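**Student:** sequence first, then the predicted structure:
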Amino acid sequence: MPRIGSLGTRWLGVGLAAVLAVLTLGLAVTGRLSLYINPDSAWFAIGMSLVVVIGAVASFALPLGAEQDHGHDHGDAPSTPHPDADHGATTPRRAAHGDAHTRHPVALAGTVVAGVLASAVVLVALALAPSSLSPQFASTSTSTAPVLFGGRDVVTLASTGDTAEFGVGEWATVFATATDPASFDGDAVTLTGFVSTGDAGASFLLSRFVITHCVIDAQLAAVPISWGGTAAPDGEWATVTGTVRSDSDGRLHIAAESVETVPEPEDPYEY
């Protein structure tokens, strides 16, 4: 049993960390780490993974069970008398060191359950094929409300006409926060995103996930598209070429000149 406990301790510590580190390095080598992490932050994840792998290899130099060595003296253990076989007297017998560290059954059960759950999560992550956030993950109540990642600098840059590199996220910010919508009327755009059901007055929305650091902080950006033809089905990726137009009520939309169905981009996010 002590050996099983030591193996479990090492698996929950070094083992799980090493599996996640190897998974991260594998994604980086195959070019799929960007499905989960902003490429600008990938260096940190890769560096930490290398440190974990080196530490995991170094851990094999420690004997099994060394994790339980606290590195300090507990002092004399309580004594219990026992009869002396020859003289009938009693002499102290020291309690086993391990007795003082016997785990409470509830604590032991909690450790086992937590260990099983943690192991299951890591093994599922290892077994599943890497994939991006799907269009089906997008909220069914998608709208063109102001987006959290939008900044005033984006609108200022757009007002200068320097919008050639703008993606769905930047235009969503402009559409939601511009104080002079008419100044953007006539700007040509070419955007790629996935199709979702449009708000009132729009044929459909062109959407894209925008992440800052990783998929945990992903936010959905969307711009309304006006299109007289047949729109691509919901969830399909499309490239829209058109012109920004300002409505009489000051709302902006993109008047599409062409809508072309395309495969999901290799990097489906914007940053």
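**Tutor:** Yes, it's here.

**Student:** my guess is residue 256 meets residue 226, correct?
**Tutor:** Yes: if you go by Cβ atoms under 8 Å, residue 256 and residue 226 touch, sitting 6.5 Å apart. Yep, even glycine has a C-beta here, placed from its N, CA and C like the rest.

**Student:** who touches both of the two?
**Tutor:** residue 203 (Cβ atoms under 8 Å, 6 or more residues apart in numbering).

**Student:** neighbour-wise, which of these two wins?
**Tutor:** Taking neighbours as other Cβ atoms under 10 Å, residue 256 and residue 226 compare with residue 256 leading, 22 against 17.

**Student:** ok but the more buried one is inside a strand, no?
**Tutor:** Yes: judged by DSSP: H, G, I helix; E, B strand; the rest coil, residue 256 forms part of a strand.

**Student:** show me what contacts it?
**Tutor:** Counting by Cβ under 8 Å, 6+ apart, residue 256 touches 203, 225, 226, 227, 229, 240, 241, 242.

**Student:** filter these down to the buried ones and hand me the ChimeraX line.
**Tutor:** The ChimeraX selection below is limited to those of the contacts of residue 256 classed as buried (16 or more other Cβ atoms under 10 Å):
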select :203,225,226,227,240,242
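
**Student:** for residue 247, see how far away the nearest residue to residue 56 once chain neighbours are set aside is.
**Tutor:** Leaving out its chain neighbours, the residue that sits closest to residue 56 by Cβ to Cβ, 6 or more residues apart in numbering is residue 18, at 3.9 Å. Residue 18 sits 57 Å away from residue 247, going by Cβ to Cβ, to the nearest Å.

**Student:** under the pLDDT cut-off, which ranges of the stretch 1-150 of the chain? List them.
**Tutor:** Along the stretch 1-150 of the chain, segments meeting pLDDT under 70 span 1-13, 62-104, 106-108, 110-112, 114-115, 122-123, 125-131, 134-150.

**Student:** that older thread, between residue 18 and residue 247, point out the one with more neighbours.
**Tutor:** More crowded of residue 18 and residue 247, by other Cβ under 10 Å: residue 18, with 19 against 13.

**Student:** state the next helix or strand along the chain beyond the host helix or strand of the more buried one.
**Tutor:** Using DSSP states H and E, the secondary-structure element containing residue 18 is helix 16-29. Next helix or strand after helix 16-29 toward the C-terminus (DSSP H and E): helix 42-59.

**Student:** from residue 116, how far off is the nearest residue to residue 188 once chain neighbours are set aside?
**Tutor:** In this structure, residue 188 finds its nearest non-sequential neighbour in residue 243, 5.7 Å apart by Cβ to Cβ, 6+ apart. Distance, residue 243 to residue 116, by Cβ to Cβ: 57 Å.

**Student:** kindly report the same for residue 219.
**Tutor:** From residue 219 over to residue 116 the distance is 34 Å, taken as Cβ to Cβ.

**Student:** more neighbours: the two, which one.
**Tutor:** Neighbours were counted for residue 219 and for residue 116 using other Cβ under 10 Å; residue 219 has more, 16 against 10.

**Student:** the nearest residue to that one once chain neighbours are set aside - how many residues pack around it?
**Tutor:** Distances taken as Cβ to Cβ, 6+ apart place residue 210 nearest to residue 219, at 5.3 Å, with adjacent residues excluded. Close neighbours of residue 210, defined as other Cβ under 10 Å, add up to 22.

**Student:** again with the one 10 residues further on
**Tutor:** Around residue 220 there are 21 other residues, counting by other Cβ under 10 Å.

**Student:** tell me which helix or strand it sits in.
**Tutor:** Assigned by DSSP H and E, residue 220 belongs to strand 219-226.

**Student:** state the mean pLDDT of that strand.
**Tutor:** The pLDDT scores in strand 219-226 average 90.

**Student:** that one pairs with which strands?
**Tutor:** According to DSSP bridges, strand 219-226 forms sheet pairs with strand 204-210 (antiparallel), strand 252-261 (parallel).
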